[in-house]
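Trainee: Got a predicted structure here, sequence first:
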Amino acid sequence: MMEPSFGISDSQCVATVRGHELKNGQKEPRLLSLLECSGQFKLDILANPEAIVLSPVPQLSIPINNHFQLVREAEEALLIDISCDTTVRIRLKGEQTPELHLELQDDVHTQSFLQHVTKAKQQAEKRSSLPRKMEPVVPVPVKDCIPVPPQRGNSRSTSNNINNSTLVKPSNTDSAFSLTTDFGFEEKKNQKNRIRDPPPPPLPPLPPRKGTYTPSTNHTAGPTTKERPPSAQNATPVRNEFQPVDRAASWSDSPSNYTMRQAMMSSHAGSREGLLKYRLSKKEKEYVDIKNFRFFIGTWNVNGQSPDSSLEPWLCSYPDPPDVYVLGFQELDLSTEAFFYMDSSKEQVWVDAVERSLHPKARYIRIRIIRLVGMMLVVYVNKEHKHHIREVASESVGTGLMNKMGNKGGVAVRFVFHNTSFCFVNSHLAAHVDDFERRNQDYKDICARMSFHLLEHPPLSIVKHDVVIWLGDLNYRLCLPDAAEVKRLIADKELRRLQEYDQLNIQRQTKRAFTDFMEGEINFTPTYKYDAKSDRWDSSGKCRVPAWCDRILWRGSNVKQLHYRSHMELKTSDHKPVSSVFSIGVKMVIEQRYKKVFEEIVRDMDRLENDFLPSLSLTRREFTFENVKFRQLQRQSFLITNDGQVACTFAFIPKLNDSQYCKTWLRAEPSEGVLDPNEKMEIFLEVYVSKDSVTLLNSGEDKIEDILVLHLDRGKDYFITVAGNYLPSCFGTSLETLCRMKKPIREIPITKLIDLEKSRINLLLEGAGTEDKPLKIPKEVWLLVNHLYTKACQQEDLFQTPGLQDELQSIIDCLDTSIPESIPGSNHSVAEALLIFLEALPEPVLCYELYQRCLECSHDSRLCKQLISQLSRAHRNVFRYLMAFLRELLKHSIDNNLNANLLATLFASLLIRPPPNLAGKQTPQDRQKTNDFILGFLMAGDDD
C-alpha cells in the first residue's frame, strides 16, 4: 500500500528552484531556497534535494547584502548534445563564501526565482544606504533563523537526512507551504533544535582506506572519470541528468593560497569534526548491533509493453511484507522519443501499476525513482522506517554508442539505512549471443563511471558501499547454439547442467566480470525468450535459444537470500519477471556504547593535538608519462605515509589563480583523505586525453606538464611535478590541417604541425601549385567512411551498437601512424570511431559562424544548399561526402535498422554544434531545426 511521499519544510520561504552545482567537471544536485527572516534575505543551498527529508538543513547559507553577487553566464558547448533540456549557468558569491558555479533549467520557474533574488538584492542595497543606529559588535540572531547542529554523518547536515532524533519541535508551527507544494511533498511542521552532547554517530562509515589503496574499478576497461568519457544524457531530468564533460569551476579563482585552502578545505574545527567521524567509523563495531530487515528485489524487461494485469503475483509473492522494495525495469519504452529525449509516457503507467500492487500488509513511501531511456529503478520503504533513511542519491551511466546513448547502461540508487550503506544497480547490458565481451565491457564501464556525489564526502563508487545488489537484464546467454537441445534439457529439468554453459557463470569463474558478486542457486526455467502473452518459447524465425538473461546478484556481509525465483504468471513481455527476497543485517547504533567511544576519542584527540603536528612522507614527487595518446589511460602511483603522531587530513588544492587542482587531462585518485599514524595510502595519478583537451595538445598550446599541491591540514604543502610527451592525433585536429597532410600525423614534425594549425585560416585558399594542393577531404575521413560503405551498409544496428574500447584504440593508432589498406576492428567500432572523430573536431563541419543561419534556413532546402556552398573547401567536401554516404545507408534500412530521423538526430548533434556562447541557450526548437537541416539532405536525391 502506498503512502504519499514525504518531504521538506522550512520557514518564510519566498521561492525555490532546483539545479546542479558544477564541481570538478561534474554535476551535483542542489536545491536553492530564497528565505526571508524579519525583512532580511538569505539564499540557502541544499544538496541532494530529491531525497526524503523532514527538516532540511542548508549546506551553505549566503546572506543577501551588498557583498552578494549573482552573475549569469553563457555555457560552453557540449560536443554532442541530444538532450532537449536548455539551461542557464550562474555564479554566486557571498561576503564570506566561495564562488559557486550553478546550472539551472532555463524555464519560467527559474526566471521567476532569479527575479525574486534580484529584488532581494535591491532591498538589501536600499537598507544599506539608509542611516542606521549603532549596531552591536556581535550580531543579534534573527528570530526563527536558528542554526541546526550537525546530524549523523555530516559536519553540516545533508538535505536528505531525515532522522529527526536530534530535533525538538518549537512553539511556532508555521510551515513553508510554498516549498512543500512546489515539489509535491507532505506538509510537515517546522522543527528547531538543540545540540546534544555527543552528536549522533557518523553515517555510514566510508570504507576505511587501510594500507594500500585499492581502486574500485578495473582501469583496463577504460576511462574512469565523468570527463572520460561522459555518461548518458537521457536520464530523467528531475532525477539525475547527463553530466557534461566540461570541468567547470566550483570555487572561484582565489587571490592567495590561504583563501584557496579555506575554499577547498574545512576550517580547523571542520577538519577536527571530519577526523572525529573517521575515528568513530574505525571503532564502529564497538557501538553497533546487527538487526535483520527484508529487502524485495525485482527485475523485469517489459519489452516496451504497458501493464495488462495486476503485478501482485510478482510483488506480493512473499507472505511477509518487505521493509524495502527495489524494482528495476528494462525496455520500459522503445520509442524514438525515449531513445533521443527524456520523455516517456510509459513511466507513470508502470509506476502506478507498481504502487497498486505493493504488499497490502504495510504502507510504503517512494524514496527515489530514476530512469535512463528504458531503464527505470524505483525504491520504496516501509513508512515506519522513513526516519532512518539518509543520504539518498541516484546516478545513471549510458554505455550505448559513444558511451552516451542510454539504450544500454545502468541506473543506480544509493542510501544509508540506519548505519549501513546500500547501493542498488539496475542495468541493461549489450545484446546478441556472441557479444559477451561487450557485456563485460558494459559492466566495467558502469563500475568505472558510476559515482555518487554527496557533500562532505569524496565521490562514492558502487563498491564503496556495505551492500551492493545488482539486478537487471544482463543479457548473458547460453553457449549452446541448438535451441531444440536446450528446450529438451529444460523439459527434463536438467537446469544445473544447462548452467554450466551460462555465459555469466563462465565470466564470473574466469574473473572477467562480476568477480566479487554472488548469486543464489537458480531453480527456475530461463526467463527469455517467450512469445508475447504466452508461456511458449520464441517461435519467430530467429527462434532464439532460451537463456537466463534476467539476474540478481549481490556483494556484502550479513546478506542471506531467502528466495530467488521467476514469475511465469505474468505474460506481458517476452521476458519473465524475476524476484529475490533478502534478509540483510543492518548496523544499529547503541547510544550508550556510542557515547562512551565518542568521549574516549575526543579525549585522545585533545591530548594528541596539543602535543603534535601532522606530517607526511611521499615515496615519489616526480612523474613522467611517456607517449601519451588520445583516449588512452596511463596511471602511475606513489605512497603517502603518516609519519607523525596524530591523524592527518590531506587534499590536493589549486595553485594560485587556478580554480582546479590540476589540468583537464590529469586526475589524482583519491584526491583527499585521512590517515592514522603509520598508515599508508596509495595515490594514483591518471593521465587521460579526452576530446576536451586533445586540440590544445595537438596544436602545442598545452603540454603534459603540471604541478600538484598536496596540502596537509595544519601542516605544510607538498609539491608533485608531472611531465611527459604527447603523441599528436588526427582526432582533435582541424579539417583544413588534415587536408594538408599527405602522411600520417605521427610522421609530421611537431613544429610543422604547430605551424599548420596556426596558419589554418590561410589554408582556406586553394594552393597555387599541384604539389601544395590540399586533399579534397582528410584521408582519415575517407578511410573510415569507405570501410563502412564497402563492408557495413547491411550491418544490423549500425550506429546504434557501441564498439569495443580495445578496437577503438587500435583504429585511432592505425589512423595516426599509417594509411592502412583496411581498418582493424568490427564495423560497430569503425562506426563509433567516425563519430568520435567528428565530435573531437575543434570546429564542427558546419562552422560555428554559420550556426544561426543554419537554424534560419532549415525549412528551405534551397537555402540549406546555398549555405553549404559557403563553407570552406574542406568543410563543404566533408559534409557532402557524409550526406552521400548516409543516403546510401538508408537504401539498406531493412538490414541495418536505420531510419532518416535517427541518422539526422545523431549526425546533427555532431555536424551542427552551437557556438560555445550559445550552447546554454539552445532550445528544443533549435535542436529540431538542426535535425531538419540534416534530414533535408538525407531525403534528397543522390544528384542533389
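Mentor: Perfect, I can see it now. Numbering: from 1, shown residues only.

Trainee: Send me the helix or strand containing Glu600 as CSV with only the CA atoms.
Mentor: Using DSSP states H and E, Glu600 sits within helix 591-611. Taking Å, rounded to 0.1, in the frame of the first residue of the first chain, the C-alpha atoms of helix 591-611 are listed here in CSV:
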residue,chain,number,x,y,z
GLU,A,591,23.6,5.1,22.1
GLN,A,592,25.3,4.4,25.5
ARG,A,593,28.1,2.5,23.9
TYR,A,594,28.5,5.1,21.2
LYS,A,595,28.7,7.9,23.8
LYS,A,596,31.5,6.1,25.6
VAL,A,597,33.5,5.6,22.4
PHE,A,598,32.9,9.2,21.4
GLU,A,599,34.2,10.6,24.7
GLU,A,600,37.3,8.4,24.6
ILE,A,601,38.1,9.6,21.1
VAL,A,602,37.6,13.2,22.0
ARG,A,603,39.9,13.0,25.0
ASP,A,604,42.6,11.2,22.9
MET,A,605,42.4,13.8,20.1
ASP,A,606,42.6,16.7,22.6
ARG,A,607,45.8,15.2,24.1
LEU,A,608,47.5,14.5,20.7
GLU,A,609,46.6,17.8,19.1
ASN,A,610,48.2,19.7,21.9
ASP,A,611,51.4,17.8,21.6
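
Trainee: That helix: how far from the chain's middle?
Mentor: Chain-centre distance of helix 591-611: 38 Å, with CA atoms, centre = their mean, to the nearest Å.

Trainee: buried residues in it?
Mentor: Under the neighbour-count criterion of 16 or more other CB atoms under 10 Å, helix 591-611 has Tyr594, Val597, Phe598, Ile601, Met605, Glu609 buried. In this view, the C-beta of every residue, glycine as well, is placed from N, C-alpha and C.

Trainee: again, but for stretch 300-317
Mentor: Applying 16+ other CB under 10 Å to stretch 300-317 flags Trp300, Asn301, Val302, Asn303, Gln305, Pro307, Leu311, Trp314, Leu315, Cys316, Ser317 as buried.

Trainee: Out of those residues, the closest to Pro744 would be?
Mentor: Nearest to Pro744 among the buried residues of stretch 300-317 is Asn301, at 45.1 Å by CB to CB.

Trainee: got any ranges where the stretch 1-150 of the chain has weak pLDDT?
Mentor: 1-12, 24-25, 48-59, 73-86, 128-150 (pLDDT under 70).

Trainee: just the helices in it please.
Mentor: 108-129 (DSSP state H, counting those that start in this stretch).

Trainee: All the strands of it, in order from the start?
Mentor: 13-23, 26-37, 40-47, 60-63, 69-73, 87-93, 100-105 (DSSP state E, counting those that start in this stretch).

Trainee: The stretch 651-800 of the chain too?
Mentor: Listed in chain order, the strands of the stretch 651-800 of the chain (DSSP E, counting those that start in this stretch) span 666-669, 672-675, 680-687, 705-712, 717-726.

Trainee: and the last one, how far from the chain's centre?
Mentor: For strand 717-726, the gap between its own C-alpha mean and the chain's C-alpha mean amounts to 28 Å (CA atoms, centre = their mean).

Trainee: What of the first one?
Mentor: Averaging C-alpha coordinates over strand 666-669 and over its chain gives two centres that are 17 Å apart (CA atoms, centre = their mean).

Trainee: got the contact list for it?
Mentor: Residues from elsewhere that reach strand 666-669 (CB atoms under 8 Å, 6 or more residues apart in numbering): 215, 224-225, 652, 661-662, 683-688, 706, 708, 722.

Trainee: from those, which is closest to Pro577?
Mentor: Among the contacts of strand 666-669, Thr224 lies closest to Pro577 (CB to CB), at 33.5 Å.

Trainee: Just the pLDDT for the closest one.
Mentor: Model confidence at Thr224, given as pLDDT, is 40.

Trainee: for the stretch 501-650 of the chain, what spans make up the strands?
Mentor: Using DSSP E, counting those that start in this stretch, strands in the stretch 501-650 of the chain cover 550-556, 559-566, 578-589, 616-618, 622-628, 634-642, 648-653.

Trainee: mind putting the ones you listed in CSV, mean pLDDT included?
Mentor: Below are the strands of the stretch 501-650 of the chain laid out as CSV (pLDDT from 0 to 100):
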stretch, mean pLDDT
strand 550-556, 98
strand 559-566, 97
strand 578-589, 97
strand 616-618, 95
strand 622-628, 97
strand 634-642, 97
strand 648-653, 93
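
Trainee: want to try a markdown table for the ones you listed, with mean neighbour count and distance to Val468 as columns?
Mentor: Output for those, formatted as a markdown table (neighbours: other CB atoms under 10 Å; distance: least, CB to CB, whole Å):
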| stretch | mean neighbour count | distance to Val468 |
| --- | --- | --- |
| strand 550-556 | 22 | 5 |
| strand 559-566 | 16 | 10 |
| strand 578-589 | 21 | 11 |
| strand 616-618 | 15 | 32 |
| strand 622-628 | 14 | 33 |
| strand 634-642 | 17 | 24 |
| strand 648-653 | 22 | 27 |
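
Trainee: who wins for proximity to Asp492 among those?
Mentor: From the strands of the stretch 501-650 of the chain, taking CB to CB, the stretch that ends up closest is strand 559-566, at 18.3 Å.

Trainee: tell me the angle that closest one makes with strand 550-556.
Mentor: Relative orientation of strand 559-566 versus strand 550-556 (axes from the mean of the first three to the mean of the last three CA atoms, to 10 degrees): 180 degrees.

Trainee: got the CA coordinates for strand 559-566 in CSV?
Mentor: Provided in CSV are the C-alpha atoms of strand 559-566 (Å, rounded to 0.1, in the frame of the first residue of the first chain):
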residue,chain,number,x,y,z
VAL,A,559,23.3,-10.9,3.4
LYS,A,560,21.1,-14.0,3.3
GLN,A,561,18.9,-14.8,0.2
LEU,A,562,15.5,-16.2,1.3
HIS,A,563,14.2,-16.9,-2.2
TYR,A,564,15.1,-16.4,-5.9
ARG,A,565,12.5,-17.2,-8.5
SER,A,566,10.8,-16.2,-11.7
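
Trainee: Within its sheet, name the partner strands of it and how each one runs.
Mentor: strand 578-589 (antiparallel) (DSSP bridges).

Trainee: and Glu807, how many neighbours?
Mentor: Per other CB atoms under 10 Å, the neighbour tally for Glu807 reads 18.

Trainee: For stretch 730-743, list every residue counted as buried.
Mentor: Of the residues in stretch 730-743, those buried (16+ other CB under 10 Å) are Cys730, Phe731, Gly732, Thr733, Ser734, Leu735, Glu736, Thr737, Leu738, Cys739, Arg740, Met741.
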